[in-house]
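J.: when you get a sec, could you give me coordinates for this:
(one chain, ligands or ions: 1)
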Amino acid sequence: MTAHWAYLGPEGTFTEQAARDLLSRDAGPAELVPCAGVSAALTALREGRVDAAIVPLENSVEGSVPLTHDELIHGEPLVIVGEAFVPVTFDLLVRPGTELSQVRTVGSHPHGHAQVRDWLATGLPHAEIVTTLSTAEAAAEVAAGRLDAAAAAPVAGARYGLVALARDIGLERDAVTRFVALQRPGPPPPPTGNDRSSFVLSVENRPGALLDVLTEITGRGVNMVRLESRPTRYRMGEYVFLVDVDSHLAVPSVREMVAALIRRSALLRWLGSYPRALGTNVPVPDFASSASYEAAAQQVSDLLGEYPA
Ligand SMILES: O=C(O)C(=O)C[C@]1(C(=O)O)C=C[C@@H](O)C=C1
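T.: Numbering: from 1, shown residues only. Okay, the predicted model is just below:
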């Protein structure tokens, strides 16, 4: 049966490239469904109209995509089942025949604008910056004659019949965006040996509260790879923390860490375990290996005089 995957559309976004990358790694057939915005893609998933949704999570230059983070923290729960990294290169796309001196409006996604800010400041200092729901939406608006130029992916130029007035206008040549594939809550994909897990923490407002919770992570030899804070929305100065760690919930050290976070009432939301798409898990200390967890559990059983299961 063909699965349906929603993504931040329209056609020609970086997110579509991420979805195609994930599709090439997935066993089953799937049809891509473009949606007008991150929230629209996630609503389609929550309402059961699609089986998965692909959305941007963070960029190597501009940092996290706040809307995706807030959806993961506050929206009806979803879990991450996969990730993809896409190099992001921006072209200044215009209708054929347009000259630089004729460009009065430039559209892009807010993350796109942030990455081409320097080029626009010198190349088009008087142009009006117009924010769109995606880079490809800006390209479509140029094709429709409602904008003069778009800062978008080269593939969007080909898709909408536009030409590049300038190429590779981003701040950083090697910029990369990380995208995640989300599904409705369910068990994680099986461990691969090179996985990542994500979750949301909430901590009390008292000295050492965050340190206490982080100790539950580091004390088990679990490698934390990202810690991001977002406001709770309820009160000024209160935050929740998004955490990524190496490894998978099925691995004993991670399983015990999650249980400890639950006991401390610190685990606000589990966001899933999924294969890592870039880099490898750092080696865990000996005391945190699965073999040493199993050997220790056996020794405790022996002390109790329990019979082997
Ligand atoms: O608009 C797109 O093409 C997207 O896929 C979104 C998005 C983002 O949200 O970060 C993806 C990569 C770029 O950093 C700019 C925009």
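J.: in stretch 69-76, which residues are buried?
T.: 69, 71, 72, 73 (16 or more other Cβ atoms under 10 Å). Where you see a C-beta, it was placed from the backbone N, CA and C, and this is true even at glycine.
J.: what residues are up against the first one?
T.: The one in question is residue 69. Going by Cβ atoms under 8 Å, 6 or more residues apart in numbering, residue 69 touches 57, 228, 230, 242.
J.: secondary structure class for the second one?
T.: Under the three-state scheme (DSSP: H, G, I helix; E, B strand; the rest coil), residue 228 adopts strand.
J.: follow-up on the earlier one: just among the contacts of residue 69, which is most surrounded?
T.: In terms of neighbour count, residue 57 stands highest of the contacts of residue 69 at 24 neighbours, by other Cβ atoms under 10 Å.
J.: picking up where we left off before, which pair in the contacts of residue 69 has the greatest spatial separation?
T.: Greatest spatial distance among the contacts of residue 69 (Cβ to Cβ): 57 and 230, at 12.7 Å.
J.: before we move on, the earlier item: between the buried residues of stretch 69-76, which is nearest the ligand?
T.: Minimum distance to the ligand across the buried residues of stretch 69-76 is 11.4 Å, recorded for residue 69 (Cβ to the nearest ligand atom).
J.: quick one: secondary structure of the closest one?
T.: Using three-state DSSP, the structure places residue 69 in helix.
J.: repeat that for residue 214.
T.: Per three-state DSSP, residue 214 ends up helix.
J.: what of residue 44?
T.: The local conformation at residue 44, judged by three-state DSSP, is helix.
J.: any idea how far residue 59 is from residue 110?
T.: Here the criterion is Cβ to Cβ, to the nearest Å. By it, residue 59 lies 11 Å from residue 110.
J.: more neighbours, those two?
T.: residue 59 (21 against 15).
J.: do a quick rundown of the helices in this protein.
T.: Along the chain, the segments classed as helices by DSSP state H run 14-25, 38-46, 66-74, 110-123, 135-143, 154-160, 209-218, 252-263, 290-304.
J.: which positions in the longest one come out as buried?
T.: For helix 290-304, the buried set under the neighbour-count rule, 16+ other Cβ under 10 Å, comprises 290, 292, 293.
J.: can you give me every residue that contacts the last one?
T.: Residue 293 makes contacts with 252, 253, 256, as judged by Cβ under 8 Å, 6+ apart.
J.: which parts of stretch 166-175 are buried?
T.: Neighbour-count burial for stretch 166-175 flags 166, 169, 170, 175 (criterion: 16+ other Cβ under 10 Å).
J.: just these that are near the ligand?
T.: Taking Cβ under 6 Å from any ligand atom as the test, the ligand is in contact with none of these.
J.: which of the residues you listed fall in strands?
T.: Using DSSP state E, the members of the buried residues of stretch 166-175 that fall in strands are residue 166.
J.: which positions in the stretch 1-150 of the chain make contact with the ligand?
T.: Residues of the stretch 1-150 of the chain lying near the ligand by Cβ under 6 Å from any ligand atom: 8, 13-15, 56, 59, 65, 88, 109, 111-112, 134-136.
J.: so which of those residues wins on neighbours?
T.: residue 8 leads these on contacts (other Cβ under 10 Å) with 33 neighbours.
J.: dump the helices of the chain to JSON lines, plus distance to residue 280 and mean pLDDT.
T.: JSON lines is the format used below for those (distance: least, Cβ to Cβ, whole Å; pLDDT from 0 to 100):
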{"stretch": "helix 14-25", "distance to residue 280": "17", "mean pLDDT": "95"}
{"stretch": "helix 38-46", "distance to residue 280": "29", "mean pLDDT": "97"}
{"stretch": "helix 66-74", "distance to residue 280": "25", "mean pLDDT": "96"}
{"stretch": "helix 110-123", "distance to residue 280": "27", "mean pLDDT": "95"}
{"stretch": "helix 135-143", "distance to residue 280": "31", "mean pLDDT": "97"}
{"stretch": "helix 154-160", "distance to residue 280": "29", "mean pLDDT": "96"}
{"stretch": "helix 209-218", "distance to residue 280": "19", "mean pLDDT": "96"}
{"stretch": "helix 252-263", "distance to residue 280": "16", "mean pLDDT": "97"}
{"stretch": "helix 290-304", "distance to residue 280": "17", "mean pLDDT": "94"}
